[in-house]
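Just the structure for this:
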Amino acid sequence: MEGDYVENSMLEKFGFKFNKRSVHTGRTIMLEELSKLIEAVPDAIYYDKYVDAIIDQNYLLKRSSSSRKITASFLTELYSLDPTLSIFRTLLFFWNRDEEARPLLAMLCAVCRDRVLNHSFKEIRSVELNTEVQKKQ
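Below you'll find the predicted structure:
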């Protein structure tokens, strides 16, 4: 158990997440919100800029302050929104380089941070690959 804790805490420094609770139980990786947020603050270098854009500036057009706070919390859980962490910084690096890859980039980042999604990703990908093979036949 202690070895897992040490390994997990080292990985958390890069942006991986190992909490028991999961945003993914909401059944979304919030791709649309992430896209709008990155577009709204493309040059943000601090976590606070993203949170300010969601909560105070309401760039995601949420109806209430409560829903803005929940959205900020969920996006933070899924992506960290912290450019000082390697995982989110890598997402940002590739985001504008290939628009078609954005859903996969978001998924990969979320897989690193969401425990339920991480454990189910292999099955999800397997179903997707099987569907592609069936379409080709």
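
Give me the most central residue, the chain.
By C-alpha atoms, centre = their mean, the chain has its centre lying nearest to residue 79, at 3.0 Å.

unless I'm mixing things up, it is touching residue 110, no?
Yes - counting by C-beta atoms under 8 Å, residue 110 is a contact partner of residue 79 at 6.8 Å. Just so you know, the C-beta spots here come from the backbone N, C-alpha and C atoms, and that holds for glycine as well.

Could you tell me which residues make contact with the residue nearest to the centre of the chain?
34, 87, 88, 91, 106, 109, 110, 113 (C-beta atoms under 8 Å, 6 or more residues apart in numbering).

Number of residues surrounding residue 11?
14 (other C-beta atoms under 10 Å).

Which pLDDT value goes with it?
As summarised for this prediction, residue 11 has a pLDDT of 84.

And for residue 17?
72.

For the closest residue to it other than its chain neighbours, give me its contacts.
Spatial nearest neighbour of residue 17, chain neighbours left out: residue 113 (3.9 Å); criterion: C-beta to C-beta, 6 or more residues apart in numbering. Contacts of residue 113 were listed using C-beta under 8 Å, 6+ apart, and they are 15, 16, 17, 77, 78, 79, 80, 87.

would a markdown table of the residues you listed with secondary structure be doable?
Formatted as a markdown table, the contacts of residue 113 follow (DSSP: H, G, I helix; E, B strand; the rest coil):
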| residue | secondary structure |
| --- | --- |
| 15 | coil |
| 16 | coil |
| 17 | coil |
| 77 | helix |
| 78 | helix |
| 79 | helix |
| 80 | coil |
| 87 | helix |
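
No more questions from me, cheers.
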